[in-house]
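Student: here is a sequence with its predicted model. Questions after.
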Amino acid sequence: MVPEGKYLMFRNRLEKVYKHRAKLARRQNISCYRLYDRDLPEFPLIIEVYEDSIYVAEYKANHDLCDEDYAFWLDASLDMLEQVTGAPSERIFCKRRERKADRQSQYQKISEKGEEVEVGEGGLKFLVNLHDYLDTGLFLDHRMTRDMVRKEAKEKRFLNLFCYTGSFTVYAADGGATSSVSIDLSNTYIDWAQRNIQLNKLSGPAHQYIKGDVLQVLPGLKDEHFDLVVLDPPSFSNSKMMKDFLDIQQDHVELIHLCLQKMTTGGILYFSTNLRTFVLDKDAIKASSIKDITRATTPFDFEGKLLRWCYKIVK
């Protein structure tokens, strides 16, 4: 059983971070942010605020609780969250998840409710699903990276690889990209990306979507065509829909060079990976410049947490 004093520590921690981060979010006009990230080992939770809803992802932990004690622990944790944030219980959504090596392996459906919530970020709108998937559809840690893409996008041809729900494409289109191509292996996420574009009244023939394996589709795209590219692949993927498996540590140089071949001289590639042990083979990459922008793209609600690496690569 978790000692009573630990519950008090958890509540105090929640109150402290909620007061601080809610204040910062209001100042920055941010309505979706991470509130808590496994700060205490007895409470291995990730808690995110999506406007008037709260998303809770529970990571399986070796806390050795029996079923009865576990049920008490979870109910008490959620009750404290409700009391601290003021969110009604029906707007708190809790998911259990295992630790995974990469994002793509988390994209599995666990419910069939199909209820989506419209939220705002950066003056734009996005659909998130707090019921059905282990990820919501909007990676909050790339909030600043998306804004960088928007600022670079004017009159650029944009390519979004492993596009997921297309948030980078929405930002690029809003920033004035003349065209975009978004590629993902999943029909679900290609459809989601299109609906996010439509939600922001940015859809049109200039924005194309390709359902397919990036490793197979990318070589067939026109060379030296794109001015701005986002590459945010899984750390590892062996999906049965892919011809080959992907190991980003082993394959990143080849994948980055393949992107550079499709880019105009001076074009910008934003490359990100959430493999925490990742080491960029900088000497092997033939580019004009490579800059580590991990810290520069880490929002206030992720400070002190190394969740992913991010690089700005210029051809």
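Tutor: Received the coordinates, thanks.

Student: quick check: S182 touching G212?
Tutor: No. Assessed by C-beta atoms under 8 Å, S182 is found out of contact with G212, at 11.1 Å. Heads up, the C-betas are built off the backbone N, CA and C, glycines and all.

Student: in the stretch 51-200 of the chain, where is pLDDT below threshold?
Tutor: For the stretch 51-200 of the chain, the stretches with pLDDT under 70 are 60-63, 97-114.

Student: can you give me the helices for it?
Tutor: Using DSSP state H, counting those that start in this stretch, the helices of the stretch 51-200 of the chain run over 67-85, 143-152, 167-174, 187-199.

Student: tell me the angle the third one makes with helix 143-152.
Tutor: This means helix 167-174. If you take axes from the mean of the first three to the mean of the last three C-alpha atoms, to 10 degrees, helix 167-174 sits at 30 degrees to helix 143-152.

Student: surely V119 touches N129?
Tutor: No. Contact status for V119 versus N129: not in contact, 11.0 Å apart, counting by C-beta under 8 Å.

Student: coming back round to it: looking at S182 and G212, which is more packed in?
Tutor: The neighbour count for S182 versus G212, taken as other C-beta atoms under 10 Å, is higher for S182 (28 against 15).

Student: bridged to the more buried one, which residues?
Tutor: S182 has these beta-bridge partners by DSSP bridges: N160, Y209.

Student: what are the boundaries of the strands in the stretch 151-300 of the chain?
Tutor: Along the stretch 151-300 of the chain, the stretches classed as strands by DSSP state E, counting those that start in this stretch are 157-161, 179-184, 207-211, 226-231, 236-237, 246-247, 263-273, 289-292.

Student: out of those strands, which is the most enclosed?
Tutor: strand 157-161 (a mean of 26; mean count of other C-beta atoms under 10 Å).

Student: list the contacts of A76.
Tutor: A76 makes contact with Y7, according to C-beta atoms under 8 Å, 6 or more residues apart in numbering.

Student: what are the phi and psi angles of the residue positioned nearest the centre of the chain?
Tutor: Nearest to the geometric centre of the chain sits F139, at 2.3 Å (C-alpha atoms, centre = their mean). Per-residue torsions, F139: phi -80, psi 110 (degrees, to the nearest 10).

Student: go ahead and confirm it touches T165.
Tutor: No. Contact criterion C-beta under 8 Å: F139 and T165 do not qualify, at 9.1 Å.

Student: for stretch 209-227, what is the average pLDDT?
Tutor: Averaged across stretch 209-227, the pLDDT comes to 94.

Student: which residues sit against that stretch?
Tutor: 156-159, 161-163, 166, 181-187, 190, 193-194, 233, 241-244, 246, 255, 258-259, 261-268.

Student: now with 7 Å, please.
Tutor: 156-159, 161-162, 181-185, 187, 190, 193-194, 241-244, 246, 258, 261-264, 267 (C-beta atoms under 7 Å, 6 or more residues apart in numbering).

Student: with stretch 261-275 instead?
Tutor: 102-103, 145, 149, 152, 159, 218, 221, 223-233, 235, 248-249, 256, 259-260, 307-315.

Student: need the buried ones from those selected in ChimeraX.
Tutor: The ChimeraX selection below is limited to those of the contacts of stretch 261-275 classed as buried (16 or more other C-beta atoms under 10 Å):
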select :102,103,145,149,152,159,218,221,226,227,228,229,230,231,232,233,235,248,256,259,260,308,309,310,311,312,313,315
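
Student: report the buried residues of stretch 28-37.
Tutor: For stretch 28-37, burial by neighbour count (16+ other C-beta under 10 Å) applies to 30, 32-37.
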